[in-house]
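Trainee: Show me the folded form of this:
(2 chains)
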Number of protein chains: 2
Amino acid sequence: MIWKLALLGFGNVGQGLARLLVEKRKELKRKYGFEYKVVGIYDIKMGGICIKDGEVDLEKLLKIIDGGGMIADYPGASKDLNALGLIEMCQPDILIEMTFTDFETGQPAVTHCRQALANGIHVVTSNKGPAALAKKELWKLASENGVQFRFEGTVMSGTPAINLATGCLAGAKISGFRGILNGTTNFILTKMEGGMTYDAALAEAQKLGYAEADPTGDVEGWDALGKGVILASTLMDTEFRIKEVPRKGITQLKPADIEQTKKEGKRWKLLVECREKDGKVALKVEPVKVDLTDPLASVGGATNALTFDTDVLGPVTIIGAGAGRKETGFSILIDLLWIHSIARGKPLLEVGE
Amino acid sequence: MIWKLALLGFGNVGQGLARLLVEKRKELKRKYGFEYKVVGIYDIKMGGICIKDGEVDLEKLLKIIDGGGMIADYPGASKDLNALGLIEMCQPDILIEMTFTDFETGQPAVTHCRQALANGIHVVTSNKGPAALAKKELWKLASENGVQFRFEGTVMSGTPAINLATGCLAGAKISGFRGILNGTTNFILTKMEGGMTYDAALAEAQKLGYAEADPTGDVEGWDALGKGVILASTLMDTEFRIKEVPRKGITQLKPADIEQTKKEGKRWKLLVECREKDGKVALKVEPVKVDLTDPLASVGGATNALTFDTDVLGPVTIIGAGAGRKETGFSILIDLLWIHSIARGKPLLEVGE
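Mentor: Numbering: from 1, shown residues only, chains lettered A, B, ... in the order given. This next block holds a predicted model:
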């Protein structure tokens, strides 16, 4: 089977995915029997194209974009295409939703996901909105229509988080988790521990592209919190309203706090913590003094880390990249491969096909 | 579908699995639609039973064993059953191979696996022999017969290692790995760093049940090496003969070495390292001075850790328990769930069934 893919959103993640699909095309076929055709792409800023009975040449498109062009410059591009039109006209097997996150409403991504799933189209997304705000409804819709709704990329980009917990730890009871889920703040804290002021560290993070011009989403803990809400609702069957969760960022930490904590043999980390106690699940985001013997303490720079507390294994910690084009592109690719594996009824092992 | 299971070997791992199957029976059905019947069990020391058209009552059996009894004391136990007879007579859907590892020949476990797979029976094993010595043949046989051969438990007990790399990191190129794969030696090194002598630390490890009376397999690096061979052959498509791999244990480390390394801001760890260079894959086991900034440095006591080097994500590290009854029992359970998920064509997500 050749999977027909439609890409909704073609910014950093979409382009990262497109490059991986091109680079790994032969290997994906050889190792996993995975074959694909991109039948359509739509991006609100770059334009759209739908080639229902053919295939978008990704190499050609990426060359146009590397040369400063847009999807609208690709031969056959359509001026009238929009997001829902992409789903309807291109009739993909899998919709890849990579538009921008809106934590208030989850829109328009929730509508995109709903529309696809209701039409028997699998959905893979890196958009945090649908995963944080509409996961239960979308899973149910997927199940009713015999397709999958997957969102590995919403927590630690391609580093296994959702798939690790729901896949490799299925059958274990997860009673809580704690993690460093925002690379920007961890980078700033690491630099401050090395002697930099907050302002200098933030400036460096901005220079390296880790932090936005307005860093509020990162430094006030909103980004980490959104990821915590996705994890908590996915793993612990609890719904949270983002604005009701206790949240502290790192802006109140002074160099003197950092120094004092170093002397205590500890390190400040902005942690997302979720605990079940007496049947209630509590979630919060705040800077915590972490003991050096904790695996989370050794996680420096823009790296992310996440510890799950389980009944059968005790704590299980994963450490890896938490952002990046290629990394988030990979999170989409791995979800595509899981859809493929389950659909063809074969495990993802290299068997020399 | 109700999965018919046959258990071959009923020592620590088998009993750990049986307890999990009993404890989690309702939850596995509710969350994943996973149902099972144990149709037969055989253990060379404890006897065997086959109830082809019924089911072994695991609770009843575990009570007999907790009271000092054996499988042979279970009503209807058969005196004439043996390992291959279990496969033939009980006709399970899945054979769970938990007999003792023989790194020289892999036998008799390889024969058990072969027999089952050739008859269209899935195999899950915690036995390192078949995974280290006959993986390619067994995967091929499984593929030809439309079944699976899985062995998560052979590397870090239930902590995701094989499934993490072949599942969650499928599509990524793994160019190498390094890890702490033997808990006993890591426990001894941690204690020595705290000021104990090697002999005192070994004695404590033996008292806690981490080390055998003859600790050679652990302290000379054989156990870690066996796991390294399984990982290398699974992930990097290379076959190694265990005796040809460079291997150093921890017995040559003196308290003075430990002290000196502490002063350098580093820690000794017994590492399994595998690297690809110029198309050749090199594997070795030896004590290495690990920098404190390396996630592996923070791994103390009997915990295991493993870092995969990938093309798309850079390093990805997993840290967790590396041994234990319940933990290894869980490694079997997770492989059962993956077989179930792939066979029914649905992902392992809780969808409130």
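Trainee: Leaving out chain neighbours, which residue sits closest to A:Gly265?
Mentor: Leaving aside its sequence neighbours, A:Gly265 sits nearest to A:Leu292 (Cβ to Cβ, 6 or more residues apart in numbering or on different chains; 5.6 Å). The way it works is simple: take the backbone N, C-alpha and C, and place the C-beta from them, glycine included.
Trainee: need the contact list for the one you found.
Mentor: Neighbour list for A:Leu292: A:265-267, A:298, B:298 [criterion: Cβ atoms under 8 Å, 6 or more residues apart in numbering or on different chains].
Trainee: go on, A:Asn182?
Mentor: A:218, A:221, A:223-224, A:227, A:270, A:304, A:322.
Trainee: before we move on, back to that, where does the residue nearest to A:Gly265 land on pLDDT?
Mentor: Turning to A:Leu292, the model gives it a pLDDT of 85.
Trainee: cool, and the one 4 residues further on?
Mentor: In the prediction, the pLDDT value recorded for A:Leu296 is 92.
Trainee: and it, how many neighbours does it have?
Mentor: 23 (other Cβ atoms under 10 Å in any protein chain shown).
Trainee: where does it land in three-state SS?
Mentor: Assigned with DSSP: H, G, I helix; E, B strand; the rest coil, A:Leu296 falls in the helix class.
Trainee: isn't it right next to A:Asn186, touching?
Mentor: No - using Cβ atoms under 8 Å, A:Leu296 makes no contact with A:Asn186, being 9.8 Å away.
Trainee: Could you pull out the residues contacting both of those two?
Mentor: In contact with both A:Leu296 and A:Asn186: A:180, A:269, using Cβ under 8 Å, 6+ apart.
Trainee: SS state for A:Ala213?
Mentor: Per three-state DSSP, A:Ala213 ends up coil.
Trainee: Tell me what A:Pro315 is bridged to.
Mentor: Here A:Pro315 sits in beta bridges with A:Asp309, as judged by DSSP bridges.
Trainee: In contact with A:Gly47, which residues are there?
Mentor: Contacts of A:Gly47 by Cβ under 8 Å, 6+ apart are A:70-73, A:77-79, A:81.
Trainee: let's go with 7 Å and repeat that
Mentor: With contact set as Cβ atoms under 7 Å, 6 or more residues apart in numbering or on different chains, A:Gly47 has these partners: A:70-72, A:77.
Trainee: so which of the residues you listed is the most crowded?
Mentor: Busiest of the contacts of A:Gly47 [other Cβ under 10 Å] is A:Ile71, holding 23 neighbours.
Trainee: From chain B, how far out is it?
Mentor: 24 Å (Cβ to the nearest Cβ, to the nearest Å).
Trainee: follow-up on the earlier one: tell me the one among the contacts of A:Gly47 nearest to A:Ala165.
Mentor: Nearest to A:Ala165 out of these is A:Ile71 (Cβ to Cβ; 35.2 Å).
Trainee: Look up the pLDDT of the closest one for me, please.
Mentor: 97.
Trainee: again, but for the one 10 residues further on
Mentor: Confidence per residue is given as pLDDT, and for A:Leu81 that number is 95.
Trainee: In contact with the closest residue to A:Glu193 other than its chain neighbours, which residues are there?
Mentor: Distances taken as Cβ to Cβ, 6+ apart put A:Ile258 closest to A:Glu193, at 5.7 Å, once the chain neighbours are dropped. If you count contacts by Cβ under 7 Å, 6+ apart, A:Ile258 has them with A:192-193, A:268.
Trainee: How about the backbone phi and psi for A:Ile258?
Mentor: phi -60, psi -50 (degrees, to the nearest 10).
Trainee: separation between it and A:Met196?
Mentor: Distance check for A:Ile258 against A:Met196: by Cβ to Cβ, to the nearest Å, it reads 10 Å.
Trainee: Kindly report the same for A:Asn119.
Mentor: 52 Å.
Trainee: Show me where the stretch 201-350 of chain A has its strands.
Mentor: In the stretch 201-350 of chain A, the strands defined using DSSP state E, counting those that start in this stretch lie at A:266-277, A:280-291, A:303-310, A:314-321.
Trainee: I'd like these written out as CSV, with mean neighbour count added.
Mentor: Output for the strands of the stretch 201-350 of chain A, formatted as CSV (neighbours: other Cβ atoms under 10 Å in any protein chain shown):
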stretch, mean neighbour count
strand A:266-277, 20
strand A:280-291, 18
strand A:303-310, 24
strand A:314-321, 24
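Trainee: Make TSV out of those strands and add distance to A:Lys243.
Mentor: Listed next are the strands of the stretch 201-350 of chain A as TSV, based on distance: least, Cβ to Cβ, whole Å:
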stretch	distance to A:Lys243
strand A:266-277	16
strand A:280-291	12
strand A:303-310	23
strand A:314-321	28
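Trainee: A:Asn82: what's it in contact with?
Mentor: A:Tyr42.
Trainee: What are the phi and psi values at it?
Mentor: Torsion angles, degrees, to the nearest 10, at A:Asn82: phi -140, psi -170.
Trainee: For the closest residue to A:Ile332 other than its chain neighbours, give its distance to B:Gly171.
Mentor: Leaving aside its sequence neighbours, A:Ile332 sits nearest to A:Leu17 (Cβ to Cβ, 6+ apart; 4.8 Å). For A:Leu17, the distance to B:Gly171 equals 11 Å [Cβ to Cβ].
Trainee: Between the two, which contacts overlap?
Mentor: With Cβ under 7 Å, 6+ apart, A:Leu17 and B:Gly171 have common neighbours A:Leu333.
Trainee: Settle it for me: which of those two has more neighbours?
Mentor: Neighbour count, other Cβ under 10 Å: between A:Leu17 and B:Gly171, A:Leu17 has more, with 30 against 22.
Trainee: And that one, how far from chain B?
Mentor: Distance from A:Leu17 to chain B, by Cβ to the nearest Cβ: 11 Å.
Trainee: and if you look at A:Glu204?
Mentor: 19 Å.
Trainee: same check, this time on A:Leu348
Mentor: 4 Å.
Trainee: hang on, that residue packs against B:Ala170?
Mentor: Yes - the pair A:Leu348 and B:Ala170 qualifies as a contact (Cβ atoms under 7 Å) at a distance of 4.2 Å.
Trainee: list the residues that contact both of the two?
Mentor: Counting by Cβ under 7 Å, 6+ apart, the residues touching both A:Leu348 and B:Ala170 are A:32, A:337.
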